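Visitor: Here is a sequence together with a model predicted from it:
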Amino acid sequence: MPALQVYERLLVAGDDLRLTTTILILFRLFQSFLAIAILYHFYSHERNPDIFLRAGCVTHPDQYWIWYHSSVGACYAVLAYSVVGALLEGSVWKISGVGTPTETERRRKLVPLCKCLLVPIFVVRGAGFVFGLYVVGLTKGYCECVREEWMDSLDDVKIVRSFCPNYKEWFHLVKVLIVTMGVDLICHTIIACYILKKRLRRWYDKKRIPKARSAREKSWEATCSRCCECSSILTCYLFGGRHLTRGGYVDVAIALTDFLDDGGSLDIVPSDIAAALICLVNIQKQKQIECKNELLKDTSGMFAKDKVFSTKILRLFRETNASGTNNTSIESVGANHVKVALSGHHLKSVSEHSYEHADIEQGFVGSLEMRASADEDDFENLRLADDEMKKLQKFISLNETLAKISFRLVHHNHRIDFRPQIPKILSPNNEFDRLIIGEGARFCRVALAAYSWMLYVWTNKCTGCCVLLGDTIYNSCRCKLRQCSKNENIVGDNWCGWKHSAVLKSLGIDESDVLYANFKNGIGVNPYMVIVDRTWRTVVLAIRGTLSLEDMITDVTLTPQSLEEVGDKCGFDGIGEHCHHGILAGARRIYADLERNKILDHAISHEFSGFKLRIIGHSLGAGIAAMLGLMLRQKFPTLRCLCFSPPGCVFSLRTARESKDYAFSYVLHNDVVPRLSYESMVNLRNDIIEMIARIKVPKYKIFNSNWMPGSEKEVCDKVGKHLYKEDGIPHSKFWNEFNDYKTRQRENPSSSVAQLKMTLPGRIVQMVRTSERLSNNPCCCVVSCVKCAACCGMSMDTKKYKVKWSDKEDLSEIFISPSMLVDHFPYNVARALECAAKSYDVPLNQGRDAIFEISRPRKHKH
């Protein structure tokens, strides 16, 4: 940064050219090799103008020698400009690796060099390409002329082939050289056209009024429209976009303008963001390592900082000493989380209570919230003697203990930090915990099936298309014979019925189990279905998550919307509370459709009386499920919402807290979506920009040093080598522009609404990955295809997840991880929950009551 200015602003900075120039230098050397090889063959080729004179192809020997010397001259010209080009590219390569991203003065010589490569050398290359084509055409013409005149005998053929280069094998080198020259010319022509377009655009904008905020919003709107149109065409409208209009992007443009538009003050290119993300990953790792080391080396100092954590670990230490064991597992905290968390209160563990099933179904589990004030008060009563402190440090240093301590990412005084905490592990002996895991594992497959045929084909790559196609043919023939009538309970399916068929195949259910399905999709219109699970005696309303371009637009319309009007209509207190705009629109539409068709009323009150109601969804569908559950609670007070990987900006704080009575959010490991809120994205944006200012080495060194994972010491050393300290950032033009930008963002009138604190709904159940086996790797196309071809139905599931209760603060910041995107994939979430259910010995196919039939304590399997 800033972007390279070669006549116009480009999408690359001056320090981004090393890779490109390396490729170009190799390309020039290849051209030079071809030119030298062609020259060698030209000089060793037998030259005899008499053959061409006798054939009548030339009228004078000088014509032959002109052609010959022109060919040799063209080779020398290509060799000359290839060498000159390689030298210039080498100069660019050297200068591009000088200075940090913000030290642009040290790379100021790049602009004249690039201009020289773009214009004078470009003209020479164009002339050389045209002249080369002329020489090759002339050679071919002479040889064709001779061949037509001298083809009377075999000896004549040999003579023609000996004197005509066109019939020599080495002449293919000439053709390859011409192709390389053409490719080179095309690439530079594209760059020249891009610069010319930007020049014309800038000239046009000068005649217009300077960009106001509304004009910038229109610019974003046009950009989003073009991107979606191109994506729709390239994907043959498989992912929607057919009926999108320019007006559908208004809310997206407003959101992007608020979040990204800097008014032209910051000049950042994509490679700056990539380098900053790498540095941010290293910073997060370093802070986590420092937090762990501080906990091991300076226990008293860490305890003084976090009294809540210290109270928990001290209690665990005292309990361990009292029991006379040295390897007490921290899962005991999960089994006795109420006892540990509610210090000063003599309550039995949840697992020790003998609840009625009805109490468990209503979510009565006692308090899972941490009483920080009580912990801090009790901390003074848990002081340790010096000899006990040494034992405590040894206890914490045990691998078993240290592995169970988690670290929460926080932003403290605008700086990244980690805080240790003891997770509240779900207990295999707790009926409620087992029920939550069982319901999640059972119904996540229904949320997966809501994605219909696309995800069915994805998860059944070998046979998916064939099965659906065969089912379509069978149903078509059967309906022609029996004259089947259209199923009125299936709305919006495609002409071949793949969406409905995929749901039946995915869940292995009968058509009568699908009470209603609406597959229509649009902005604020989300597909959903209502099915009945007879084994678990449950009516399930499943809402599809993000799959189409329309869904993406719904995701981005995140401006908080007031719940006051909806609360008055549905009977809850919505005064001063807000919900994600797109989620609220989707919930309203489904609510109106349910009320119009009386689907749930008829199912719960009549046909399936006594059945439970579960509203589920994944991603965007999870947020809509939580909002829809809030709207339906007055009518169905015992409903429960199971939200798989919901967005991190669904409800404002009070509504999110109240939703813990009926909603549960399931989060897989480092999934980024539950961590996405306006506040977390602002912190990530500012951290990235700050990382750019802190880089003190050339950008290529950052990329080169992060190809392979390193040890903890290597990670910490990278941070010291690549970045300035937080309080030692040198003042620069970019740093001043960044501070001005943050000031403008705070003063932005729409920022106060956008920064309203929003979070994900309900109690949070997080599955944390504990192994790195092949079957535990995030789902990707290549790995899935290999598994499909090699295993063909063999189960690769392993017991590799621990399940814990998390707080919204645990997911308040974005943790950069290689699996942050694939952990959101619904198939991975379903697989993790099924593995967790298996490790907790939760029967998924025997009905809900089987969970409560516990005759003996069960051991948690890892």
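Guide: Yep, it's here. Computed from a prediction, not measured in an experiment: that's the story for all the values here.
Visitor: Please count neighbours and contacts with C-alpha atoms only from this point.
Guide: Noted.
Visitor: Could you give the number of residues near residue 515?
Guide: Residue 515 has 18 neighbouring residues, counting by other CA atoms under 10 Å.
Visitor: Residue 2 too?
Guide: 21.
Visitor: Just the pLDDT for the closest residue to it other than its chain neighbours.
Guide: In this structure, residue 2 finds its nearest non-sequential neighbour in residue 267, 5.1 Å apart by CA to CA, 6 or more residues apart in numbering. Note on residue 267: pLDDT of 80.
Visitor: Would you agree residue 267 falls within a helix?
Guide: No. Under DSSP: H, G, I helix; E, B strand; the rest coil, residue 267 sits outside any helix and is assigned coil.
Visitor: Residue 4 is in contact with that one, correct?
Guide: No. The pair residue 267 and residue 4 does not pass the contact test of CA atoms under 8 Å, sitting 10.1 Å apart.
Visitor: More neighbours: which of the two?
Guide: residue 4 (23 against 14).
Visitor: Backbone dihedrals for the more buried one, both of them.
Guide: phi -70, psi 130 (degrees, to the nearest 10).
Visitor: Repeat that for the one 4 residues further on.
Guide: When quoted as degrees, to the nearest 10, the phi and psi of residue 8 stand at phi -140, psi 170.
Visitor: Now do the contacts for the closest residue to residue 537 other than its chain neighbours.
Guide: Excluding its sequence neighbours, the residue lying closest to residue 537 (CA to CA, 6+ apart) is residue 611, at 5.0 Å. Residues in contact with residue 611 (CA atoms under 8 Å, 6 or more residues apart in numbering) are 537, 538, 539, 604.
Visitor: Check what pLDDT the third one gets.
Guide: What that stands for is residue 539. 94.
Visitor: close enough to count as contact, it and residue 532?
Guide: Yes. Residue 539 is within contact range of residue 532, at 4.5 Å (criterion: CA under 8 Å).
Visitor: So which of these two has more stuff around it?
Guide: Between residue 539 and residue 532, counted using other CA under 10 Å, the more crowded position is residue 539 (26 against 22).
Visitor: show me the contacts for that one.
Guide: By CA under 8 Å, 6+ apart, the neighbours of residue 539 are 530, 531, 532, 533, 603, 604, 608, 611, 612, 613, 614.
Visitor: give me the low-pLDDT residue ranges for the stretch 451-600 of the chain?
Guide: 478-486, 495 (pLDDT under 70).
Visitor: let's see 80
Guide: 461, 471-472, 474-488, 493-496 (pLDDT under 80).
Visitor: so where do the helices sit in it?
Guide: Shown for the stretch 451-600 of the chain, the helices assigned by DSSP state H, counting those that start in this stretch span residues 452-459, 464-482, 498-507, 549-556, 564-570, 581-597, 599-602.
Visitor: Just put those helices in a markdown table and tack on distance to residue 642 and mean neighbour count.
Guide: Shown next, in a markdown table, are the helices of the stretch 451-600 of the chain (distance: least, CA to CA, whole Å; neighbours: other CA atoms under 10 Å):
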| stretch | distance to residue 642 | mean neighbour count |
| --- | --- | --- |
| helix 452-459 | 19 | 20 |
| helix 464-482 | 27 | 14 |
| helix 498-507 | 18 | 20 |
| helix 549-556 | 19 | 22 |
| helix 564-570 | 20 | 14 |
| helix 581-597 | 15 | 19 |
| helix 599-602 | 17 | 16 |
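Visitor: can you tell which of those helices is closest to residue 111?
Guide: Among the helices of the stretch 451-600 of the chain, helix 549-556 comes nearest to residue 111, with 38.7 Å by CA to CA.
Visitor: could you check the angle helix 581-597 makes with the closest one?
Guide: Counting by axes from the mean of the first three to the mean of the last three CA atoms, to 10 degrees, helix 549-556 lies at 120 degrees to helix 581-597.
Visitor: Point out the other helices and strands that helix 549-556 packs with.
Guide: When contacts are defined as 3 or more CA pairs under 8 Å, 6 or more residues apart in numbering; DSSP states H and E, helix 549-556 sits against helix 250-260, helix 581-597.
Visitor: Turn those into CSV, including distance to residue 230.
Guide: Formatted as CSV, those follow (distance: least, CA to CA, whole Å):
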stretch, distance to residue 230
helix 250-260, 17
helix 581-597, 24
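Visitor: rewinding a little: of all the helices of the stretch 451-600 of the chain, which one is nearest residue 655?
Guide: helix 564-570 (11.1 Å).
Visitor: Could you export the closest one as PDB, CA atoms only?
Guide: Extracted as PDB, the C-alpha positions of helix 564-570 are listed here (Å, rounded to 0.1, in the frame of the first residue of the first chain):
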ATOM      1  CA  GLU A 564     -42.400  -3.400  19.600                       C
ATOM      2  CA  GLU A 565     -45.000  -3.900  16.900                       C
ATOM      3  CA  VAL A 566     -44.400  -7.600  16.700                       C
ATOM      4  CA  GLY A 567     -44.500  -7.900  20.400                       C
ATOM      5  CA  ASP A 568     -47.900  -6.200  20.600                       C
ATOM      6  CA  LYS A 569     -49.300  -8.600  18.000                       C
ATOM      7  CA  CYS A 570     -47.800 -11.900  19.400                       C
END
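Visitor: quick revisit: so which of the contacts of residue 611 is the closest to residue 220?
Guide: residue 539 (43.0 Å).
Visitor: Break down the stretch 101-250 of the chain into its helices, ranges please.
Guide: With DSSP H, counting those that start in this stretch, the ranges of helices along the stretch 101-250 of the chain come out as 110-118, 120-149, 154-163, 171-206, 213-234, 250-260.
Visitor: which of those helices has the lowest average pLDDT?
Guide: helix 154-163 (a mean of 58).
Visitor: If I look at residue 618, what pLDDT would I see?
Guide: At residue 618, pLDDT is 95.
Visitor: contacting residues for it?
Guide: 447, 448, 543, 544, 545, 643, 644, 645, 646, 826.
Visitor: Then residue 579?
Guide: So residue 579 contacts 560, 561, 562, 563, 649, 650, 651, 652, 758 (CA under 8 Å, 6+ apart).
Visitor: What of residue 653?
Guide: Contacts for residue 653 (CA under 8 Å, 6+ apart) come out as 757, 758, 759.
Visitor: coming back round to it: for the residue nearest to residue 537, grab phi and psi.
Guide: The phi/psi pair for residue 611 (degrees, to the nearest 10) is phi -80, psi 150.
Visitor: Name the nearest residue to residue 8, sequence neighbours excluded.
Guide: residue 195 (5.9 Å).
Visitor: sorry, back to before: so the residue nearest to residue 537 versus residue 603, what's the distance?
Guide: As judged by CA to CA, to the nearest Å, residue 611 and residue 603 stand 9 Å apart.
Visitor: and residue 342, what pLDDT?
Guide: For residue 342, the predicted pLDDT is 31.
Visitor: swap that for residue 389, sorry
Guide: 60.
Visitor: now do residue 43
Guide: 82.
Visitor: what's the helix or strand for it?
Guide: helix 18-44 (DSSP states H and E).
Visitor: tell me the angle of that helix relative to helix 171-206?
Guide: Using the same axes, to 10 degrees: helix 18-44 against helix 171-206 is 140 degrees.
Visitor: Helix 18-44: what's the following helix or strand?
Guide: Next element after helix 18-44 (DSSP H and E): helix 49-55.
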